[in-house]
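**Q** What follows is a predicted structure for the sequence shown.
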Amino acid sequence: MLSLFILTLFALGMGRYPISIVKLGSLLWHHALNRDMGVNDPSEFVIFRLRMPRIVVAMLVGMALSGAGASYQCIFRNPMVDPSLLGVTSGAAFGASLAILLSMSIVLIQVWAFICGLAAVLATMLIAKAVRKMGDRSMTLILCGIVTGTLFTAFLSLVKYAADPNSKLPAITYWLMGSLASVSPAEVNIVALCILAGILPLFFLRWQINVLSAGEEEAQSMGILTGRIRGIIIASSTLMTASVVSVSGMIGWVGLVVPHLARMLVGPNFTILFPTSLLLGALFMLTVDTLARLVFPIEIPIGILTAIVGAPFFVFLLFRGKRGWA
């Protein structure tokens, strides 16, 4: 928590328009007391209209993706799954790209991304229910998720093929890279509400999820309604992931990397692993977003930086080859 607080202060003060720690403290103090320091003060505008919303959303995005990733890895008992498993990311990308192609506003782009992300997961669930194969339900869901994701990826390719290469295609491509540069204060409350609505059920069901990770038979023997718990996990994770993609675009690897880092620190017990993943996710995303703003002359999309970090870590996991992760 202390590291997150210090990093937040650093991110608030640093940027193209640097603000000293004394000035920053004064601004925060006066804002907390609802005192106006003057309409012409550019520092106040930079802090509370530009950087603060972006920092809050960055932490929420990290919490959502890492929490969803930890939950999926737990119920599917697979260390290599992430929040995009059931097709939500592909669906949201298709929805946003279609909205950009049709010249919709930024609000409608986010709405379409959210709706199509939910629709993709719903399609996965319906296909899995229609198949009704005997055997591992988790594997059936994973396979159906791959099919749905591939289908929506194909739809996305059609949209990009039909887009104007001089205007629409660059906009679609940039959105798919992932960025928090366009986050506005008006979006913070909506994003926070959706993400918290997904986090809270998972937080209060931590011990049931922990038992479910040991196996469905063991969980049922303890009186846990495994089907209901699995449905709540999928619904909550989908809500969080769709909310993230709708506001920030496609940001990969966070839901894979951060839960593993948390597991290395506190072990596989989900009651401890989940809140640790939330905290590390917020810290990770805020770090990456701050680096994207400060390190390079031109801001680098966050999706590129998370991939640069996540891909080597994935290779590390393959070489490590450790079993008994849960």
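**A** Perfect, I can see it now.
**Q** Check which residues of stretch 300-318 are buried.
**A** 300-303, 305-307, 309-310, 317 (16 or more other CB atoms under 10 Å). (Each C-beta comes from the backbone N, C-alpha and C, glycine too.)
**Q** how about a markdown table for the residues you listed, with pLDDT, distance to Cys74 and secondary structure added?
**A** A markdown table is the format used below for these (pLDDT from 0 to 100; distance: CB to CB, whole Å; DSSP: H, G, I helix; E, B strand; the rest coil):
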| residue | pLDDT | distance to Cys74 | secondary structure |
| --- | --- | --- | --- |
| Ile300 | 86 | 32 | coil |
| Pro301 | 89 | 30 | coil |
| Ile302 | 90 | 26 | helix |
| Gly303 | 88 | 25 | helix |
| Leu305 | 89 | 27 | helix |
| Thr306 | 89 | 22 | helix |
| Ala307 | 88 | 24 | helix |
| Val309 | 80 | 23 | helix |
| Gly310 | 77 | 19 | helix |
| Leu317 | 64 | 17 | helix |
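**Q** Show the contacting residues for Leu278.
**A** Leu278 is in contact with 63, 66-67, 199, counting by CB atoms under 8 Å, 6 or more residues apart in numbering.
**Q** ok, how many other residues are close to the closest residue to Gly145 other than its chain neighbours?
**A** Once flanking residues are discounted, Gly145 sits nearest to Leu86: 4.0 Å by CB to CB, 6 or more residues apart in numbering. Leu86 has 29 neighbours, counted by other CB atoms under 10 Å.
**Q** circling back: closest one of the buried residues of stretch 300-318 to Ala119?
**A** Gly303 (22.2 Å; CB to CB).
**Q** Three-state assignment for Ile298, please.
**A** Under DSSP: H, G, I helix; E, B strand; the rest coil, Ile298 falls in the coil class.
**Q** correction: Gly223
**A** Assignment for Gly223 (three-state DSSP): coil.
**Q** re earlier: most widely separated two among the contacts of Leu278?
**A** Ser66 and Ile199 (10.4 Å).
**Q** Comparing the two, which residue is more hemmed in?
**A** Ser66 (32 against 23).
**Q** Could I get the buried residue list for the helix or strand His30 falls within?
**A** Element membership for His30, per DSSP states H and E: helix 21-32. Along helix 21-32, these residues count as buried under the neighbour rule (16+ other CB under 10 Å): 23-24, 27.
**Q** could you dump those residues to TSV with pLDDT and distance to Gly178?
**A** Compiled in TSV, those are given as follows (pLDDT from 0 to 100; distance: CB to CB, whole Å):
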residue	pLDDT	distance to Gly178
Lys23	81	31
Leu24	81	28
Leu27	79	29
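**Q** Export those residues to a markdown table and append columns for distance to Leu225.
**A** A markdown table is the format used below for these (distance: CB to CB, whole Å):
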| residue | distance to Leu225 |
| --- | --- |
| Lys23 | 54 |
| Leu24 | 49 |
| Leu27 | 50 |
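**Q** From those residues, pick the one nearest His260.
**A** Leu24 (34.2 Å).
**Q** For the closest one, which non-adjacent residue is spatially closest?
**A** Closest residue to Leu24 apart from its sequence neighbours, by CB to CB, 6+ apart: Gly13 at 4.9 Å.
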